[in-house]
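Colleague: Predicted structure and sequence below. I'll ask about it afterward.
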Amino acid sequence: MQFRQQALSKLQSPEELDLPVRLARPQGLLALAVTVVVMAASCVWAVTGSVSSTLDAAGILTYGQGSYVLQTPVTGQVTGVYVKEGQRVRKDAPLLKVRTEQGDRAVRAIDAGRVTALVARIGSVVTTGSDVATLEKTGSAGDPLLAMLYVPATGAANMPADAAVDLTVPAAQQYGVLRGRVKAVGRSPQTRRQVADFLGDSELAGQLTKGGTRVPVLVELTKSSASRSGYAWSSDGGPPYALTSMTLTSGAVHLAEQRPIDWLLP
């Protein structure tokens with residue numbers, strides 16, 4: 001009976017037609033407005049915006065002509081060392097003097113370059129074919145440095161020409177990253193042995209090809225007259241010293257930018 005009386009009372013009361021209808025509270029309207037703005041911005045970014053991806057790879061600074069291991073053609077005792085590590089030598093320049101049964105013999109450089117490792121020492125005994133030094137091929141002191149990155153084959157296949165590259169040099173991390181661009185991409189993956197033949201260092205080749213074969217990517221460093229090193233850095237000036245070859249580095253290659261809307265289209 002109580003519910004019936006309430007219903008009859010409601011039917012007898014006049015309708016409140018003069019009161020405004022409230023569709024939503026102010027808080028709800030604010031939330032709706034924010035949602036509409038976010039959706040509109042997302043649609044605009046999906047059409048006009050872009051997303052860039054990077055490919056990371058290990059590498060080394062080099063002059064791009066490779067290195068070679070110098071082997072002695074004679075057996076004997078080293079009685080003279082004419083060079084030191086880091087020194088540049090011309091082709092056929094004498095590096096060592098070896099005393100043999102037939103007299104003193106000179107071990108000469110096969111190509112012009114820079115001595116990166118010197119194994120033989122005065123007093124040591126060498127045999128024919130043993131390694132005595134490693135030289136990096138370079139024409140002159142004015143040759144520009146390059147970076148050689150070793151990337152997986154799947155990444156190299158999608159790498160655009162002239163792609164921007166940010167190089168991190170561990171010894172100069174506090175000065176930012178070194179700027180460069182892709183100059184050439186190898187046609188096929190290289191094994192550890194092939195990389196070792198180019199670098200003249202099997203241990204270093206093992207580090208750069210860890211996990212399988214890699215495709216060599218040659219990076220041209222961006223030059224800058226405002227930098228002491230002669231190359232452009234993300235920071236002003238870069239390091240207050242010159243870079244040297246055979247320095248380990250790692251590179252982040254900026255791949256082609258892609259619009260988000262392309263992901264949704266067939």
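Modeller: Perfect, I can see it now. Residues are numbered from 1 along each chain as shown.
Colleague: Over to Ala156. Which of the three states is it?
Modeller: helix (DSSP: H, G, I helix; E, B strand; the rest coil).
Colleague: how about the helices in the stretch 1-150 of the chain?
Modeller: Listed in chain order, the helices of the stretch 1-150 of the chain (DSSP state H, counting those that start in this stretch) span 2-12, 26-48.
Colleague: Could you tell me the least trusted of those helices?
Modeller: Within those, confidence is poorest for helix 2-12, with a mean of 56 (mean pLDDT).
Colleague: Leaving out the residues flanking it, which one is nearest to Asp143?
Modeller: Among residues not flanking Asp143 along the chain, Tyr63 sits closest, at 5.2 Å (CB to CB, 6 or more residues apart in numbering). All C-beta atoms are positioned from the backbone trio N, CA, C, and that covers glycine.
Colleague: burial count for that neighbour?
Modeller: Around Tyr63 there are 20 other residues, counting by other CB atoms under 10 Å.
Colleague: tell me the contacts of it?
Modeller: If you count contacts by CB atoms under 8 Å, 6 or more residues apart in numbering, Tyr63 has them with Glu136, Lys137, Thr138, Asp143, Pro144, Leu145, Leu146, Ser245.
Colleague: and these, which are buried?
Modeller: Burial by neighbour count, 16 or more other CB atoms under 10 Å: within the contacts of Tyr63 this picks out Glu136, Lys137, Thr138, Leu145, Leu146, Ser245.
Colleague: Which pLDDT value belongs to Glu257?
Modeller: For Glu257, pLDDT reads 57.
Colleague: Can you tell me which of the buried ones among the contacts of Tyr63 is closest to Ala109?
Modeller: Among these, Lys137 lies closest to Ala109 (CB to CB), at 10.1 Å.
Colleague: my read: that closest one touches Val115, true?
Modeller: No - Lys137 lies out of contact with Val115 (CB atoms under 8 Å); the separation is 11.6 Å.
Colleague: The nearest residue to Leu255 once chain neighbours are set aside and Pro152, how far apart?
Modeller: Excluding its sequence neighbours, the residue lying closest to Leu255 (CB to CB, 6+ apart) is Ser53, at 5.0 Å. To Pro152, Ser53 is 14 Å away according to CB to CB, to the nearest Å.
Colleague: more neighbours, the two?
Modeller: A count of neighbours by other CB under 10 Å puts Pro152 above the other of Ser53 and Pro152, at 15 against 11.
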